[in-house]
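1. turn this into a structure:
(2 chains)
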Amino acid sequence: AQSVTQPDIHITVSEGASLELRCNYSYGATPYLFWYVQSPGQGLQLLLKYFSGDTLVQGIKGFEAEFKRSQSSFNLRKPSVHWSDAAEYFCAVAPSGGYQKVTFGTGTKLQVIP
Amino acid sequence: GAGVSQTPSNKVTEKGKYVELRCDPISGHTALYWYRQSLGQGPEFLIYFQGTGAADDSGLPNDRFFAVRPEGSVSTLKIQRTERGDSAVYLCASTRGSGELFFGEGSRLTVL
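-> Numbers count the residues shown, from 1 in each chain, chains lettered A, B, ... in the order given. Predicted coordinates for the structure are as follows:
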């Protein structure tokens, strides 16, 4: 069965600093991978997705993520964090191809300090 | 509609009561998902529909929970004999495919 691990429950960064959120997945083949963001009082929004091809994917709001098959990882990065990035971030995995069950990690809560 | 709509946004009920939560997906999205999110946790998969049929209901915790989507659009999640442990935010999402889910804002269920 597929699973996702986000080892960091809570991360604090200074505004303007770089950010990396970790995600490791377990799945027998190459999966589809996603990062979602949940801001307070708002629904989950897709930041970016990886299906195949280039292992470095760009998303909205200046985020990017890199798929590393050898490490079963899909870490999220941003070069310079803004105060508005404070939110909870969820990594998710699904089997490749069409409509499938999507499994989420437990999330990383990001705090941004001035 | 423009987005996924979930009603009610908040529901407070007493232990043992029956509850229905409704989800209206984005028009044209053939797949619909239900998740449950407890405080401090990620979304926990419950069930997803492809059209009118449940393609995977492996996440439903027990037989008190069931969901329907009779016409392939609106879905209702039904919880019988609610328990305090059922308190959570119930999220609905729809998709055109490939796992890119569009979420509603959720229905917060509180069981007293």
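
2. going forward, measure contacts between C-alpha atoms and count neighbours the same way
-> Will do.

3. worst-scoring helix or strand of chain B, pLDDT-wise?
-> Within chain B, no helix or strand scores below strand B:53-56, which has a mean of 90 by mean pLDDT, DSSP states H and E.

4. what about that strand, near chain A?
-> Yes: part of strand B:53-56 sits near chain A under the criterion CA under 8 Å from any CA of the partner chain, namely B:D56.

5. CA atoms only: put that strand into CSV for me.
-> Extracted as CSV, the C-alpha positions of strand B:53-56 are listed here (Å, rounded to 0.1, in the frame of the first residue of the first chain):
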residue,chain,number,x,y,z
GLY,B,53,-20.2,3.8,-8.3
ALA,B,54,-17.8,3.6,-5.4
ALA,B,55,-14.4,2.7,-7.0
ASP,B,56,-12.6,2.4,-3.6
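
6. give the partner strands of the helix or strand following that strand in its sheet and their orientations.
-> Moving toward the C-terminus from strand B:53-56, the next helix or strand (DSSP states H and E) is strand B:65-68. The pairing partners recorded for strand B:65-68 under DSSP bridges are strand B:75-79 (antiparallel).

7. which element is the residue most central in space within chain B on?
-> Of all residues in chain B, the one closest to the mean position by CA atoms, centre = their mean is B:W34, 3.6 Å from it. Counting by DSSP H and E, the element that carries B:W34 is strand B:31-37.

8. just checking, what packs against the least confident helix or strand of chain B?
-> Helices and strands touching strand B:53-56, by 3 or more CA pairs under 8 Å, 6 or more residues apart in numbering or on different chains; DSSP states H and E, are strand B:44-50.

9. and the strand it packs on, average pLDDT?
-> The average of the pLDDT scores along strand B:44-50 is 95.

10. dump that strand to PDB, restricted to CA.
-> Only the C-alpha atoms of strand B:44-50 are listed here, as PDB (Å, rounded to 0.1, in the frame of the first residue of the first chain):
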ATOM      1  CA  GLU B  44      -7.500  10.500   5.700                       C
ATOM      2  CA  PHE B  45      -9.000   8.800   2.700                       C
ATOM      3  CA  LEU B  46     -12.500   7.500   3.100                       C
ATOM      4  CA  ILE B  47     -14.000   6.700  -0.300                       C
ATOM      5  CA  TYR B  48     -13.900   7.800  -3.900                       C
ATOM      6  CA  PHE B  49     -16.500   7.500  -6.700                       C
ATOM      7  CA  GLN B  50     -16.000   7.200 -10.400                       C
END
